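Asker: Structure of the sequence below:
(chains A, B and C)
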Amino acid sequence: MGEAGSMSQSADDVKRILYVQTSGAEAPERSATVFFLAASGAAMDVEVGIYFTQLGPTLLQKGAPETLRIKKGGVPLAHFMEQARDLGVRFYVCQPSLDLTDLKMEDLIDGVEMIGGAAFNNMALEADRVVCF
Amino acid sequence: MGEAGSMSQSADDVKRILYVQTSGAEAPERSATVFFLAASGAAMDVEVGIYFTQLGPTLLQKGAPETLRIKKGGVPLAHFMEQARDLGVRFYVCQPSLDLTDLKMEDLIDGVEMIGGAAFNNMALEADRVVCF
Amino acid sequence: MGEAGSMSQSADDVKRILYVQTSGAEAPERSATVFFLAASGAAMDVEVGIYFTQLGPTLLQKGAPETLRIKKGGVPLAHFMEQARDLGVRFYVCQPSLDLTDLKMEDLIDGVEMIGGAAFNNMALEADRVVCF
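Answerer: You can find the predicted model right below:
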């Protein structure tokens, strides 16, 4: 690990999955899977990111994770979201989707990164797999 | 085929596609594509699996394939599903999605395998392509 | 560039992304992302195609791009669609989805190519990434 050779070896070995989330607070039953799978991946030392597009950014609105429940009487979305973040999953938001959902970066929870279309395509090409919801 | 060398050659050559199905019986118009494409793939000697998550498991409920019609007056979903199974397509169900859809394994048609998040991520990484619906 | 060797080198280097669009005119808020990202990709010299399946072909119906607005008061879909086409993005339509949406090839805008399941699977395997909406 401390040597350049093994570090580059290790860098080559790191797998990356990019998740894409298109549904938002309007479809609570579609909100948890991406965080559940992303957390599973991160726990396996896969480098995981989630790209929120279309209605997806509404899941990141301040207050949404705590109030949104996947199922009546179930745990709030925050449970799954925090698990993913604690394991190092990164959250990306699509710039035009903020427009679409009438949200501004300051309306979102902390730590979300805004990216454009070119950055998304590069990230998709650099990932080993892209999994879309 | 009978020799180790050619078998490993052959193993390398086998392509794999993992399909993901997120819609269920609530959206019949979204139910057939995955089976149609999976069957096409299997007929091309691609190793194909379908992972049913979110509302997808409701397509696997006993009785659903026979009664669900993609389009009014069209053939039932069973037509597409059986074609896929006959060609060797494997069906996987996501454990938390059973919970979400209030289904138990015994409510589902025979031959479905339940997998967790880590198994899904491994399967996605091992597949050549992941195609999500 | 003019030599066979460098051309084949260059051919190897071309990245391909296949986008899949499953939503149609019934969900305008889900209609623009695919064209926006496809155009971004094509501008990066990625070879990009979009496969329209399920309800997706309704976006290609003559007249739809000009009248469909992603958001009230926003630009029509044609804005994004033309940008993508001008950059060389190719449009493919799934044969059974035409049936599903009661559309015929002559109902669609010019330049759309119809492909079957086997062609889709081949295209997916040949692409570097498949991104589904």
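Asker: Output the residue of chain A whose distance to chain B is smallest.
Answerer: Nearest to chain B in chain A, going by CB to the nearest CB, is residue A:40, at a distance of 2.9 Å. From N, CA and C alone the C-beta is placed, and that goes for glycine too.
Asker: That residue against residue B:122, yeah?
Answerer: No: between residue A:40 and residue B:122 there is no contact under CB atoms under 8 Å: 9.6 Å.
Asker: all strands for chain A, in order.
Answerer: For chain A, strands defined by DSSP state E occupy the ranges A:16-21, A:47-52, A:90-94, A:113-115, A:129-132.
Asker: Can I get those in a markdown table including mean pLDDT and mean neighbour count?
Answerer: Converted to a markdown table, the strands of chain A look like this (pLDDT from 0 to 100; neighbours: other CB atoms under 10 Å in any protein chain shown):
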| stretch | mean pLDDT | mean neighbour count |
| --- | --- | --- |
| strand A:16-21 | 98 | 24 |
| strand A:47-52 | 98 | 24 |
| strand A:90-94 | 96 | 22 |
| strand A:113-115 | 97 | 14 |
| strand A:129-132 | 98 | 25 |
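Asker: For residue B:128, which of these is the nearest?
Answerer: strand A:129-132 (9.7 Å; CB to CB).
Asker: For that closest one, give me every contacting residue.
Answerer: Applying CB atoms under 8 Å, 6 or more residues apart in numbering or on different chains, the set of residues contacting strand A:129-132 from outside is A:16-20, A:22, A:37, A:124, B:20, B:124-125, B:127, B:130, B:132, C:129-133.
Asker: who in chain A is up against chain C?
Answerer: Contact residues, chain A versus chain C (CB under 8 Å from any CB of the partner chain): A:20, A:22, A:53-55, A:94, A:96-97, A:99-100, A:116-118, A:120-122, A:124-125, A:127, A:130, A:132.
Asker: who's in contact with the residue nearest to residue A:104 when sequence neighbours are not counted?
Answerer: Using CB to CB, 6 or more residues apart in numbering or on different chains and skipping the chain neighbours, the partner closest in space to residue A:104 is residue A:98 (6.6 Å). Each residue near residue A:98 by CB under 8 Å, 6+ apart is listed here: A:57, A:104, A:105, A:114.
Asker: Out of the strands of chain A, flag the one nearest residue C:32.
Answerer: Nearest of the strands of chain A (CB to CB): strand A:90-94, 10.7 Å.
Asker: which one is whichever residue of chain A sits closest to chain C nearest to, not counting chain neighbours?
Answerer: Nearest residue of chain A to chain C, counting by CB to the nearest CB: residue A:117, 3.0 Å away. Nearest in space to residue A:117, with sequence neighbours left out and distances taken as CB to CB, 6+ apart, is residue C:40 at 3.0 Å.
Asker: More neighbours: which of residue A:40 and residue B:122?
Answerer: Taking neighbours as other CB atoms under 10 Å in any protein chain shown, residue A:40 and residue B:122 compare with residue A:40 leading, 22 against 16.
Asker: Quick check: the more buried one vs residue B:126, distance?
Answerer: Counting by CB to CB, to the nearest Å, the gap between residue A:40 and residue B:126 amounts to 15 Å.
Asker: now do residue A:56
Answerer: Distance, residue A:56 to residue B:126, by CB to CB: 27 Å.
Asker: Looking at the two, which is more packed in?
Answerer: Using other CB under 10 Å, the more surrounded residue of residue A:56 and residue B:126 is residue A:56, with 26 against 11.
Asker: Quick check: closest non-adjacent residue to the more buried one.
Answerer: Nearest in space to residue A:56, with sequence neighbours left out and distances taken as CB to CB, 6+ apart, is residue A:21 at 4.0 Å.
Asker: what is that neighbour paired to in the beta sheet?
Answerer: In this entry, residue A:21 is beta-bridged to residue A:52, by DSSP bridges.
Asker: got the contact list for it?
Answerer: A:34, A:50, A:51, A:52, A:53, A:56, A:59, A:133.
Asker: The second one reaches residue A:90, doesn't it?
Answerer: Yes: look at residue A:50 against residue A:90 with CB under 8 Å: they come within range, at 7.4 Å.
Asker: So what's the residue count around residue A:31?
Answerer: Counted with other CB under 10 Å, residue A:31 comes out at 26.
Asker: ok, it - contacts?
Answerer: Residue A:31 neighbours (CB under 8 Å, 6+ apart): A:23, A:24, A:25, A:59, A:68, A:70, A:77.
Asker: Highest neighbour count among these?
Answerer: Within the contacts of residue A:31, most neighbours by other CB under 10 Å means residue A:59, with 27 neighbours.
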